[in-house]
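> requesting a structural model of the entry that follows:
(2 chains)
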Amino acid sequence: MLTQPDIAALLITLKLAATTTLILLLLGTPLAWWLATTRSKVRSAIEAVIALPLVLPPTVLGFYLLLAFSPDGPIGATTAAMGLPSMAFSFWGLVLGSAIYSLPFVVQPLQNSFAGLGRMPLEVAATLGAAPLDRFISVVLPLSKLGYLTAAVLGFAHTLGEFGVVLMIGGNIPGETQVLSIAIYDHVEALEYSQAHWLAAGLLLCSFLVLLMIYSANRRFHLMKTA
Amino acid sequence: MIEATLQLNKSDFKLEANFSVPGRGVTAIFGPSGCGKTTLLRAIAGLEPATKGSLSVNAEQWLDANGSRAAEERRVGVVFQNPSLFPHLTIQENLLYGRKRLRKVTKTIEIKELITSLEIEKLLPRYPEGLSGGEKQRVALGRALLAEPKLLLMDEPLSALDQSSREKLMLLLEKFLQEIQIPVFYVTHSTEEVARLADNLVLLANGSVTDHGSIQDVLGAVDGELSRSDTAFSVIEGQIATMQLPGLISVDCGAGIVFQLPDSTSVSGAHYQLGSPARLRIRARDVSLCLEAPQHSSILNILPAVIAELATRPHNGSRIVKLDMEGKQLLSKISEYSVQQLELRAGQSVFAQIKSAALI
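Okay, the predicted model is just below:
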């Protein structure tokens, strides 16, 4: 069965995934909206940067973040100047790393969803007297429900399964920065296969259920649209 | 008055529209596909931010050198070619979307009355999905009007509909647009819609306004752009008179001018009531001229007229002749050869043979 450190790792993982998803939805919304509507020439460059975590080994990202967190690095120097503790080997360091790592999984579904709306509903809303923010809240948000669901679920699930970035910048401090994927690794290293099974199978089932949810929501949505 | 001096440069298109029309009634914006009608409408609605120039609608300045009023501040109602109702809102919520955002509801438009006259009561709790094109377009019209616009813009609202719903909505618009106290700009490329709905006309070709004014003035300009085109036509108003002749409908246009038309009610399903107002659309190419009254002709309508004006120059071998029939204006398009042979000139009395006239 689950040991005390396992439960701690589970809770930290859930908290990390939830915090990261929330932050990404908040920051990803304006970013995705800008990407979906801008005609700026730098759009492609920004899109490429956001998509980097999709192709980059997580250890590369973790390595650079670790450098940035060091007292001489830009982030480390800033936190030190503000009198804050270093972000390396801390929960908030993990949040930052996860947010960067999962960014494309949140921004891309939102961007696709916004772009798919087209300009028509917004123009209609404008001629009916709705100002820009009003248009976004009364038209874009409700019509992008599925995009938000997909973005949230993918962002959450992707953060759950993270290993490389976390190991590089968070280390493996039980009860503080030890997440599920690392706990599984530890159990396997210690040849505690039954413990590893509990966590691994749990994560597997959880991921499957989450994806099942998106795909069935997607299906319902499409059925609704074609009805 | 609605006065516009608009310039808009798009990558593949240039709009240069200068016109002024009365601030009430229906103004048709007429021209062939791709001449910039929709772009003009979008510029008026404030949906083309790069528009320069000036625009005033009944003394309200929407655009001038100092800046442009945002679309949401213009209080302009738009009925787009595709109805574009909000799919996440019920019909009732769609209808009230603009009205809820009014700072002050002046109640000039009563919700119940409007919903009844648009025949959309039964749709209120439903979602747009599954509504017919005609139903959606009626809801879109209602939604625009309930926001109490200062100007209603309609962009070919009938073009996405099938023939029968088009006719149904047309009948409703004919009645409706005359009743509302809001100026309407109606974009179309159909002469029938112009003849049936418009009080004023703005002609557009290649992004420029070629003529504008009251429908009779623009239609009757013998040297105007419309007269030179194949679509030149006249509109004569009258009322349905007694049906004296078997198989014919009479339209009395006053001053002794009576048109006889084949009674096609059994085909069209339309029903004409005695004394109800009627408009006739007569194509210039369907009107020929004789110096003497022809006898034994199959042509039903042969009416005396006086030549009011001839186009200054022939166009593609034909010339437009404007006739005056007791104050009613009628265009005829005849060959330049005939003009010379008959030695036609202004002030001359002739007989107009009208091969066909459409009761609209």
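
> ends of stretch A:160-169, what's the gap?
16 Å (Cα to Cα, to the nearest Å).

> give the burial count for residue 218, as a bare number.
All of this refers to chain A. A total of 13 residues lie near A:Asn218 under the criterion other Cβ atoms under 10 Å in any protein chain shown. Every residue, glycine included, has its C-beta placed from N, CA and C.

> the chain in question should be chain B.
23.

> can you check B:Ala65 too?
Taking other Cβ under 10 Å as the definition, B:Ala65 ends up with a neighbour count of 7.

> surely it and B:Ser54 touch.
Yes - the pair B:Ala65 / B:Ser54 is scored as a contact, 7.3 Å apart, by Cβ atoms under 8 Å.

> flag every residue of the stretch 51-200 of chain B that's near chain A.
Contact residues of the stretch 51-200 of chain B with respect to chain A, defined by Cβ under 8 Å from any Cβ of the partner chain, are listed as B:70-78, B:80, B:82, B:84, B:86-88, B:97-98, B:101-102, B:129-130, B:143-144, B:147.

> just the buried ones among these, please.
The neighbour-count test (16 or more other Cβ atoms under 10 Å in any protein chain shown) marks B:71-72, B:74-78, B:80, B:84, B:86, B:88, B:97-98, B:101, B:143-144, B:147 as buried among these.

> now, which of the residues you listed lie within helices?
Filtering those for membership in helices, criterion DSSP state H, returns B:71-72, B:74, B:97-98, B:143-144.

> so for the residue of chain A found nearest chain B, what's the pLDDT?
Relative to chain B, the nearest point of chain A is A:Leu128 (3.3 Å; Cβ to the nearest Cβ). You'll see A:Leu128 listed with a pLDDT of 94.

> correct me, but it touches B:Leu146?
No - A:Leu128 lies out of contact with B:Leu146 (Cβ under 8 Å); the separation is 9.1 Å.

> that older thread, next one: phi and psi at the residue of chain A closest to chain B?
A:Leu128 has phi and psi values of phi -90, psi 10 when expressed as degrees, to the nearest 10.

> same question for B:Leu303.
For B:Leu303, the backbone dihedrals are phi -130, psi 140 (criterion: degrees, to the nearest 10).

> quick check: it touching B:Ala255?
No - with contact defined as Cβ under 8 Å, B:Leu303 does not reach B:Ala255; the gap is 10.7 Å.

> neighbour-wise, which of those two wins?
A direct count of neighbours by other Cβ under 10 Å for B:Leu303 and B:Ala255 places B:Leu303 higher, at 21 against 10.

> report the secondary structure element holding the residue nearest to the more buried one when sequence neighbours are not counted.
In space, and not counting its chain neighbours, B:Leu303 is closest to B:Ala352: 5.3 Å by Cβ to Cβ, 6 or more residues apart in numbering or on different chains. Under DSSP states H and E, the secondary-structure element containing B:Ala352 is strand B:349-354.

> given that strand, what are its sheet partners and their directions?
Each strand that pairs with strand B:349-354, with its direction, by DSSP bridges: strand B:287-290 (antiparallel), strand B:301-310 (antiparallel).

> what is the helix or strand just after that strand packed up against?
Remark: after strand B:349-354, the chain's next helix or strand is strand B:358-359, criterion DSSP H and E. The contact analysis (3 or more Cβ pairs under 8 Å, 6 or more residues apart in numbering or on different chains; DSSP states H and E) places strand B:358-359 against strand B:277-283.

> who are the packing partners of the strand it packs on?
Of the remaining helices and strands, those touching strand B:277-283 by 3+ Cβ pairs under 8 Å, 6+ apart are helix B:191-197, strand B:233-240, strand B:358-359.

> mind listing what's buried in that strand?
Applying a neighbour-count criterion of 16+ other Cβ under 10 Å, one finds B:278-283 buried in strand B:277-283.

> from those, pick the one nearest chain A.
Distances from chain A to the buried residues of strand B:277-283, taken by Cβ to the nearest Cβ, are shortest for B:Arg279, at 30.6 Å.

> show me what residue of chain B gets nearest to chain A.
The minimum distance from chain B to chain A, using Cβ to the nearest Cβ, falls at B:Gly98 (3.3 Å).

> residues contacting the nearest residue to that residue once chain neighbours are set aside?
In space, not counting the residues next to it along the chain, B:Gly98 is nearest to B:Ala147; the distance is 2.8 Å by Cβ to Cβ, 6+ apart. B:Ala147 sits next to A:128-129, B:75, B:77, B:97-99, B:101-102 when contact means Cβ atoms under 8 Å, 6 or more residues apart in numbering or on different chains.

> give me the contacts around stretch B:137-146.
Under Cβ under 8 Å, 6+ apart, the answer for stretch B:137-146 is A:127-128, B:77-80, B:83-85, B:91, B:94-99, B:109, B:111, B:114-115, B:118-120, B:123, B:128, B:131, B:152, B:154, B:157-158, B:160-161, B:169, B:172, B:180, B:182.

> please redo it, this time with the cut-off set to 6 Å
Residues outside stretch B:137-146 that contact it (Cβ atoms under 6 Å, 6 or more residues apart in numbering or on different chains): B:77, B:79, B:83, B:85, B:91, B:94-95, B:99, B:109, B:114, B:118, B:120, B:157.

> just to revisit the earlier point, would you list the helices and strands packed on strand B:277-283 in a markdown table and tack on mean pLDDT and mean neighbour count?
Output for the helices and strands packed on strand B:277-283, formatted as a markdown table (pLDDT from 0 to 100; neighbours: other Cβ atoms under 10 Å in any protein chain shown):
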| stretch | mean pLDDT | mean neighbour count |
| --- | --- | --- |
| helix B:191-197 | 85 | 22 |
| strand B:233-240 | 87 | 20 |
| strand B:358-359 | 80 | 18 |
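
> tell me the contacts of B:Ala195?
With contacts taken as Cβ under 6 Å, 6+ apart, B:Ala195 has the following neighbours: B:235, B:281, B:360.

> any idea which helix or strand in chain A has the lowest mean pLDDT?
Comparing every helix and strand of chain A by mean pLDDT, DSSP states H and E singles out helix A:193-226 as the least confident one, with a mean of 81.
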